[in-house]
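*Asks:* my questions are about this predicted structure, shown below with the sequence.
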Amino acid sequence: MKTLKIALFLALSGVAAQAFSEEAPTTAAASQIPVESYHYGMKLDIQKVIAVSEIANECAPVPVQMTYEDSQGQRHTLQYQVMGTGCSNG
């Protein structure tokens, strides 16, 4: 009897895990934020910075993305250029 309960538990766990894994990509795709490109003089409404991508180790301008919330609580992703961290002073 105990073996039957364990087998039933494992079978239900496997089905639940499979159902969850099929739903994850559609949820992530629906919540993806379009990327806006920054241009000089652009008015920005930044209330809270959520994340900033890493700066590439190159000696040239490189793109960086910043995700932020505006004063209305909506999330935005902004792409802009910064100088890479690969330049040396010597």
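*Replies:* Perfect, thanks for sending it.
*Asks:* quick one, helices of the protein?
*Replies:* All helices of the chain, identified by DSSP state H, fall at 2-30.
*Asks:* where does pLDDT dip in this protein?
*Replies:* Applying pLDDT under 70 to the chain flags residues 1-31, 89-90.
*Asks:* try it again at 50.
*Replies:* The chain contains residues with pLDDT under 50 at 8, 15-16, 19-27, 29-30, 90.
*Asks:* report the beta-bridge partners for E69.
*Replies:* On the basis of DSSP bridges, E69 is bridged to K48, R75.
*Asks:* begin at 36, not 1, for the rest of this chat.
*Replies:* OK, 36 is where the count begins now, so the last one is E104.
*Asks:* that one and S72, how far apart?
*Replies:* According to C-beta to C-beta, to the nearest Å, E104 stands 19 Å off from S72. For glycine as for every other residue, the C-beta is placed from the backbone atoms N, C-alpha and C.
*Asks:* these two: which is more packed in?
*Replies:* E104 (15 against 10; other C-beta atoms under 10 Å).
*Asks:* show me what contacts that one?
*Replies:* I81, Q82, K83, I85, R110, H111 (C-beta atoms under 8 Å, 6 or more residues apart in numbering).
*Asks:* thanks a lot, see you next time.
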